[in-house]
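[1] compute the structure for the input listed below.
(one chain, ligands or ions: 1)
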Amino acid sequence: MNSPEIQLLIQHLSKLPGLGPRSGRRVALHLLKRREKIFRPLIQVMLDAEQKVKTCHICHALDASDPCTLCVDPKRDPHQICVVEDVADLWALERANTYRGGYHVLGGVLSAIDGIGPQQLNIQSLLDRIAESQITEVILALNATVDGQTTIHYLIEQLRPFNLSVTTLAHGVPIGGELDYLDEGTLFTAFQARRST
Ligand SMILES: [Zn+2]
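    Okay, here's the model as predicted:
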């Protein structure tokens, strides 16, 4: 029987995305066997990240500074805002290297089943940003899931009073597909071929 320390380590690792009890045990063993090379440096970078990374109060992305580097980058187009569900989608779009405007992370999508309404998402802060700035295009880069599409329709209604171009990603994005899982080429094409709503 493992000591409580080892059991707790396995328990916590098992809760990580993509891991279960079996891979939790494997990772725990891997760490404990490679203390100097892997375990200690990992603890240090985890502590650093936990203490330094924060949520940007403007776009809700994660960065070591608030406002984040994307929000203060003078080379990015201040007239465009790309709305994504999650920070992972923002990272995917940045990897695809096709877009040079600003972002807004919703923090999820509307979902009747999960009880997620507009109040639970960063929608009001999006509308406030648009009202206060010179945004001319809003790109709704949401996942092609049912909830993603519901959210797109809701946002289109909310954005109607503002006089701006609202676009969505082209259908190179597979139905039910999540942006984070697309290869950069597919994402690049879907972004380039975005359509007006
Ligand atoms: Zn930001």
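
[2] could you pull out the helices for this structure?
    4-14, 21-33, 40-52, 69-72, 87-96, 124-132, 146-159, 184-192 (DSSP state H).

[3] and the ones you listed: which comes nearest residue 167?
    The minimum distance between residue 167 and the helices of the chain falls on helix 184-192, with 9.5 Å, by Cβ to Cβ. C-beta coordinates here come from the backbone N, C-alpha and C atoms, glycine included.

[4] is it possible to get a markdown table of the helices of the chain that adds mean pLDDT?
    Shown next, in a markdown table, are the helices of the chain (pLDDT from 0 to 100):
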| stretch | mean pLDDT |
| --- | --- |
| helix 4-14 | 96 |
| helix 21-33 | 96 |
| helix 40-52 | 98 |
| helix 69-72 | 96 |
| helix 87-96 | 92 |
| helix 124-132 | 95 |
| helix 146-159 | 93 |
| helix 184-192 | 73 |
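
[5] what residues does this structure put near the ion?
    For the chain, the residues in contact with the ion (Cβ under 5 Å from the ion) are 56, 58-59, 61, 68, 71.

[6] what's the closest of these to residue 140?
    For the residues of the chain next to the ion, the nearest to residue 140 is residue 59 (14.9 Å; Cβ to Cβ).

[7] isn't the closest one up against residue 71?
    Yes. Applying Cβ atoms under 8 Å, one finds residue 59 in contact with residue 71, separated by 5.5 Å.

[8] more neighbours: which of those two?
    Ranked by neighbour count (other Cβ atoms under 10 Å), residue 59 and residue 71 place residue 59 first, with 26 against 18.

[9] how near is that one to residue 94?
    For residue 59, the distance to residue 94 equals 12 Å [Cβ to Cβ, to the nearest Å].

[10] try residue 81
    For residue 81, the distance to residue 94 equals 15 Å [Cβ to Cβ].

[11] these two: which has the busier surroundings?
    For the pair residue 81 and residue 94, the greater number of neighbours falls to residue 81 (22 against 14), based on other Cβ under 10 Å.

[12] show the pLDDT at the more buried one.
    Predicted confidence (pLDDT) for residue 81: 97.

[13] that one is in contact with residue 103, isn't it?
    Yes. Under the criterion of Cβ under 8 Å, residue 81 makes contact with residue 103 at 7.0 Å.

[14] if I pick the residue nearest to the spatial centre of the chain, what's in contact with it?
    Central residue of the chain (Cα atoms, centre = their mean): residue 87, 1.8 Å from the mean position. Contacts for residue 87 (Cβ atoms under 8 Å, 6 or more residues apart in numbering) come out as 60-62, 105.
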